[in-house]
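Chemist: Have a look; sequence and predicted model below, questions after that.
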Amino acid sequence: MKITFISGDMTGRSFEYSDCNITIGREPDNTLCLETGGVSRYHALISYLDNSWSISDLNSTNGVKINSVLQASSKLTNGDVVTIGEHSFTISDIVSSGKVVTPVVTIPGEQNSAETVAEDTSILDKFKAPLFSPDADGEKSDDPKPEQTNRKRIFSNRLYYTIIVCIAIMGITTAVKVFSNKNGSASEKSGAGDEQLETIIFERVRYYDNNVFRFTMTLDGRKAVFVIDDVATNRHSKEIVIDDPAGADTLRSQILETGIMTEKQSFQPGSPNVSTKITLISDRNCVDYKIEGEALPKDLDDIASAIDEFAESCGMITVSRTSEEIMQIAAENFHKAEDLFNNSEAAEENLRDAILRYKIAVRYLSQYSPPPPMATKAMRQLIRAEEIRKRKLDELKLAENRCLDTNQLDELRNVYLKMIKLSDTGTRAFDRTKRKLFKLDRALSRGRNRR
């Protein structure tokens, strides 16, 4: 199968694959890494199964479009146009089976490397000829003098090697300068090398004419704690604790990339209607900000936006909404979860998505004091769905061990695919199983190549 990009910053590039899985996303361990906006960490999976190719959305934020239609999964055929974020690519050269082909990247306008080497070698030979050959001009001396000829040859050799050494020194010096500049700019931007951000404390209070809304988040290690107070809707939540939330590492990286840990931000005080507090603690530094007003400095505004996005991915509402709006969102997620749970036997991912929907409904409804009746039912269904998923994952773990003992690699691949579909995207279990599948695909590819 061949993938050819027709839009985005990779326009014109082509990749060829056969009989393998292709993961697409922002993270560098994806088969196809797309680092631009609109692409999730693990966005989509193109898989080869039963002599056909298909693409599946891995619970991405912006989804996957096939021929301009948003789809969760779809079989691929020649001529299909797939859109992921800002990128679009076409599918071609689909065959039922074949040898594994190492991905080939074609960049328009790039010269063939063999031709370049040959050309460079011919230039070097032309350069060396007048230095090493005293008769390179085609005329032989009638009365050669051995001592004079030897001196010329020694001089030519020394001159040639002196020029080569000078060129090498210039190249190394230039490379060191470029590398140092890149490292310097990266260090200035990210703070200091491998600095680790350990704790993030964020609080935003908004004062309205008839309401006060307070949102607090503490991310410490692998645990996120949220507190929401909304006077108008009677939401006064206790601490909502989420262990090992997906996206926590990404949030820490986004904050460090702003350079805020090394560069103190200055700002003008604004309206007292909004108060924002940000405390960041790393293994090297601690910074603390308190800003009055809606407008924030750019780096702090980027951090606030990243925290909002992270909180919403955990099912938290970071702005004031009416009670009716919150109940509607919770009810929509609950009813969708019920539909998915009732059809969980049809596909493993239905059970995973149902659990995610139940969690969102529970988190929205648990913010009320006392919680409405739907919160109890959603919690009961969530516990039931989690128990079923755990039982299925335990069974798949036993199947994994059995396949490893009997060397049934094709069956083991199917086991890993089911594990991935049951696990929440971005969690450690999901990433660990993805790495296992990647290693297995490489082993299967080497085996086919030997045959």
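Modeler: Good, I have the coordinates. Numbering: from 1, shown residues only.

Chemist: in stretch 194-207, what's buried?
Modeler: 195, 197, 200-204, 206 (16 or more other Cβ atoms under 10 Å). For the C-beta atoms, the positions are set from N, CA and C on the backbone; glycine is no exception.

Chemist: same deal with stretch 69-89?
Modeler: 74, 76, 80, 82-85, 87-89.

Chemist: hmm, who's touching the longest strand belonging to the chain?
Modeler: Criterion DSSP state E: the longest strand present in the chain is strand 197-207. Contact with strand 197-207 is made by 212-221, 251-252, 255-256, 261, 272-283, 304, 307, 318, 320, as judged by Cβ atoms under 8 Å, 6 or more residues apart in numbering.

Chemist: And stretch 274-289, by the same measure?
Modeler: With contact meaning Cβ under 8 Å, 6+ apart, stretch 274-289 is reached by 191-192, 195-207, 255-256, 260-262, 264-265, 290-294, 296, 300, 303-304.

Chemist: what about K336, distance to N285?
Modeler: 44 Å (Cβ to Cβ, to the nearest Å).

Chemist: what about these two, which has more around it?
Modeler: K336 (17 against 14; other Cβ atoms under 10 Å).

Chemist: how about the helices of the stretch 251-400 of the chain, start to end?
Modeler: Under the criterion DSSP state H, counting those that start in this stretch, the stretch 251-400 of the chain contains helices at 298-313, 323-342, 348-365, 373-406.

Chemist: hey, C-alpha coordinates of the helix or strand following the longest one in PDB?
Modeler: Once the chain leaves helix 373-406, the next helix or strand it forms, by DSSP states H and E, is helix 409-422. Once side chains and other backbone atoms are set aside, the C-alpha atoms of helix 409-422 remain, and they are given as PDB (Å, rounded to 0.1, in the frame of the first residue of the first chain):
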ATOM      1  CA  LEU A 409       2.700 -15.400  16.700                       C
ATOM      2  CA  ASP A 410      -0.200 -14.700  14.400                       C
ATOM      3  CA  GLU A 411      -2.700 -15.500  17.200                       C
ATOM      4  CA  LEU A 412      -0.500 -13.400  19.600                       C
ATOM      5  CA  ARG A 413      -0.900 -10.400  17.300                       C
ATOM      6  CA  ASN A 414      -4.700 -10.700  17.400                       C
ATOM      7  CA  VAL A 415      -4.500 -10.800  21.300                       C
ATOM      8  CA  TYR A 416      -2.500  -7.600  21.300                       C
ATOM      9  CA  LEU A 417      -4.900  -5.900  19.000                       C
ATOM     10  CA  LYS A 418      -7.800  -6.800  21.300                       C
ATOM     11  CA  MET A 419      -5.900  -5.500  24.300                       C
ATOM     12  CA  ILE A 420      -5.300  -2.200  22.600                       C
ATOM     13  CA  LYS A 421      -9.000  -1.800  21.800                       C
ATOM     14  CA  LEU A 422      -9.900  -2.400  25.400                       C
END
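
Chemist: tell me which residues in helix 409-422 are buried?
Modeler: Buried residues in helix 409-422, defined by neighbour count with 16+ other Cβ under 10 Å: 412-413, 415-422.

Chemist: Kindly indicate which of those residues lies nearest G38.
Modeler: I420 (22.7 Å; Cβ to Cβ).

Chemist: what's near enough to touch the closest one?
Modeler: By Cβ under 8 Å, 6+ apart, the residues touching I420 are 45, 430, 433-434, 437.

Chemist: Mind checking which of those land in helices?
Modeler: Among the contacts of I420, the ones falling in helices (DSSP state H) are 430, 433-434, 437.

Chemist: ok, back up a step: from the contacts of I420, list just the buried residues.
Modeler: Looks like the contacts of I420 have 45, 430, 433-434, 437 buried, using 16+ other Cβ under 10 Å.

Chemist: Among these, show me the least confident.
Modeler: Taken together, the buried ones among the contacts of I420 show their lowest pLDDT at F430, with 86.

Chemist: Quick check: closest non-adjacent residue to that residue.
Modeler: In this structure, F430 finds its nearest non-sequential neighbour in S423, 4.1 Å apart by Cβ to Cβ, 6 or more residues apart in numbering.
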